[in-house]
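Q: Turn this into a model:
(one chain, ligands or ions: 1)
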Amino acid sequence: MSALHVKTKGKAEEKQHKSDTEKFCTTMIKTEILSETDKSADLEIPQSRKHKLSPDCEHVSKVAKYDNEEDALSASTSVPSDLTTSGNNEKSNDKSNTGRSTDNTVLVADHYNMLEEKGLSFRNQSRIVYMRNFNNWIKSMLIHEYVVKLKQGKSFGASLRVLDMCCGKGGDLLKWKKANISHLICTDIAQVSLEQCQQRYSDMVNRKGSKDRGFAPIFTAEFITADCTKVRLREKFADPSMQLDFVSCQFAFHYSFESLPQAECMLRNAGESLKPGGYFIGTIPDAYDLVSRWQKCDGNKFGNDVYSIEFICEDKTKPPLFGAKYNFHLDGVVDCPEFLVHLPTLRKLASKYGLELIAFERFDEYYERFKDEGRSLLGNMQALETYPPYHETPLLGDPEQDYQHAVRYMQNLPANHRKIGTLSQSEWEVTSLYAIFAFQKMKTIWNSEGKPEYVKL
Ligand SMILES: C[S@@+](CC[C@H](N)C(=O)[O-])C[C@H]1O[C@@H](n2cnc3c(N)ncnc32)[C@H](O)[C@@H]1O
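A: Here you go, the predicted model:
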């Protein structure tokens, strides 16, 4: 845990406000907050959970056996192009979903379609603005990390084609622009969101056109309204033969774990879009942490002043592999059903589509790894709150309760370290639930029966 601090020498400098401060002001937060939150040893987050089962994981893993993971996975055959029109898959959907027949994708689409675009100034007033910015920072670093990896093997100026699955209103358009990609395919189930995404893209093109005449054009883009858990996306691409370098699915993949066919469809969409060596990256809630918190609470509901999660499953000791449903409410941002993503199942299913899991890292670990490299971006994106606050910018969290970790942290700093960047404890409890993942597309070989098999590159 480290903190960067503003070297404040006097009142005059103090007035130099946020942008300057935050450029230099990185965090601390994590372990302090976690230890504050998790008094019991078993909620403590290990240094590295990459590819490891924590005690909680093992528990979930054992639970998975009750649901007969092998049977569930081998029962699935191939996923048709469009599950919505397939009677057969409706059946298998029911089966793997342990009898649930409700389709939550409709709820999800309605929910996101109804979310208004509230604009930057509204978002800046939100109680969770720093957490949202922090999550955005994580996405920026993740995209950057894998774009760099990919570019290493390519010649300068080579094309870079990307599928943004569940792109929402286009919150990552600027990140793709910065990554200098050549083509972007945006898909989402919520048509209204996708229209806003398309509008944002047009605005970007127009801005770019008026500023940079004569320079390289911004990436080209196409927009597809589709349920990525039920529709074969490749068939909808403007050029269905196109091979992509990247598939990104940010804060959305967990919707697919409603049922086995939906998870398979989403993974097949990612796998069959990619060239060998290409990456499928994303962010999802860490099911182990979710289950751990659920098991520690009385009843099925837990949370704090910025979030609440209510599990709809019957038995917290035996969540099913698919359809382990919970409602996630986050300060007016998300309030619709989500599903636990059991990591060993995800890994196994993905391998069926030639995707090899190469990273699974919780946000706290990811932050720790990239905080130095991404320091100036943390400041530019205002991804951390300044503590103690400047007079004109009061703290967004509860000053008495939400910053005790920061108070303690500062006690160990030299006296001239007057400001640090942090997140309130309530926000940290939410963001620390999430993890990044990355898969790499393996090489396809065709066996004697004409079926694809995948081998490491
Ligand atoms: C939390 S938002 C994330 C949006 C964007 N990826 C981001 O990071 O800003 C989740 C998005 O997933 C979309 N989504 C959920 N289920 C989907 C599905 N089955 N097919 C396509 N999009 C879906 C929602 O409409 C919503 O736009």
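Q: okay, now residue 159: neighbour count?
A: Neighbours of residue 159 under the rule other CB atoms under 10 Å: 10. Using the backbone N, CA and C atoms, a C-beta is placed for each residue, glycine as well.
Q: now residue 240
A: Quick note: residue 240 (other CB under 10 Å) scores 10 neighbours.
Q: Let me know the secondary structure of it.
A: Secondary structure for residue 240, judged by DSSP: H, G, I helix; E, B strand; the rest coil, is coil.
Q: correct me, but it touches residue 234?
A: Yes - using CB atoms under 8 Å, residue 240 makes contact with residue 234 at a distance of 5.4 Å.
Q: can you tell me how far the nearest residue to residue 154 once chain neighbours are set aside sits from residue 315?
A: Of all residues not flanking residue 154 in the chain, residue 160 sits nearest, at 7.8 Å (CB to CB, 6 or more residues apart in numbering). To residue 315, residue 160 is 46 Å away according to CB to CB, to the nearest Å.
Q: The two: which is more packed in?
A: residue 160 (21 against 10).
Q: list the contacts for that one?
A: For residue 160, the contact set (CB atoms under 8 Å, 6 or more residues apart in numbering) comprises 147, 150-151, 154, 179-183, 245-246.
Q: Could you do residue 203 as well?
A: Per CB under 8 Å, 6+ apart, neighbours of residue 203: none.
Q: Does the host helix or strand of it reach the ligand?
A: Here residue 203 is covered by helix 191-211, with elements defined by DSSP states H and E. Yes - counting by CB under 6 Å from any ligand atom, the ligand has neighbours in helix 191-211: residue 193.
Q: Buried residues of the helix or strand just after that helix, list them for me.
A: On the C-terminal side of helix 191-211, the nearest following helix or strand under DSSP H and E is strand 220-225. Within strand 220-225, the residues scored as buried using 16 or more other CB atoms under 10 Å are 221-225.
Q: The residue nearest to residue 154 and residue 188, how far apart?
A: 21 Å.
Q: residues from the chain in reach of the ligand?
A: So the chain meets the ligand at 105, 108-109, 112, 166-168, 171, 188-190, 193, 227-229, 250-252, 255, 334 (CB under 6 Å from any ligand atom).
Q: Mind checking which of those residues are buried?
A: Judged by 16+ other CB under 10 Å, buried ones among those: 105, 108-109, 112, 166-168, 171, 188-190, 193, 227-229, 250-252, 255, 334.
Q: ok but residue 357 is inside a strand, no?
A: Yes - counting by three-state DSSP, residue 357 falls inside a strand.
Q: Leaving out the residues flanking it, which one is nearest to it?
A: Distances taken as CB to CB, 6+ apart put residue 347 closest to residue 357, at 4.6 Å, once the chain neighbours are dropped.
Q: How about residue 149?
A: Distances taken as CB to CB, 6+ apart place residue 279 nearest to residue 149, at 7.3 Å, with adjacent residues excluded.
Q: average pLDDT across the helix or strand containing the one you found?
A: Assigned by DSSP H and E, residue 279 falls within strand 274-285. Averaged across strand 274-285, pLDDT comes to 97.
Q: Which is the succeeding secondary structure element to it?
A: Strand 274-285 is succeeded, C-terminally, by helix 287-296 (DSSP H and E).
Q: Can you give the distance of that following helix from its chain's centre?
A: Averaging C-alpha positions (CA atoms, centre = their mean, to the nearest Å) puts helix 287-296 18 Å from its chain's average.
Q: could I get it in PDB with only the CA atoms?
A: Below are the C-alpha coordinates for helix 287-296, written out as PDB (Å, rounded to 0.1, in the frame of the first residue of the first chain):
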ATOM      1  CA  ALA A 287     -18.300 -14.600  -7.300                       C
ATOM      2  CA  TYR A 288     -16.100 -15.900  -4.500                       C
ATOM      3  CA  ASP A 289     -16.300 -12.500  -2.700                       C
ATOM      4  CA  LEU A 290     -20.000 -12.200  -3.400                       C
ATOM      5  CA  VAL A 291     -20.700 -15.600  -1.900                       C
ATOM      6  CA  SER A 292     -18.400 -14.900   1.000                       C
ATOM      7  CA  ARG A 293     -20.300 -11.700   1.900                       C
ATOM      8  CA  TRP A 294     -23.600 -13.400   1.400                       C
ATOM      9  CA  GLN A 295     -22.700 -16.300   3.700                       C
ATOM     10  CA  LYS A 296     -21.600 -13.900   6.400                       C
END
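Q: Which strands or helices does it pack on?
A: Identification of packing neighbours for helix 287-296 by 3 or more CB pairs under 8 Å, 6 or more residues apart in numbering; DSSP states H and E yields helix 55-66, strand 301-303, strand 307-311.
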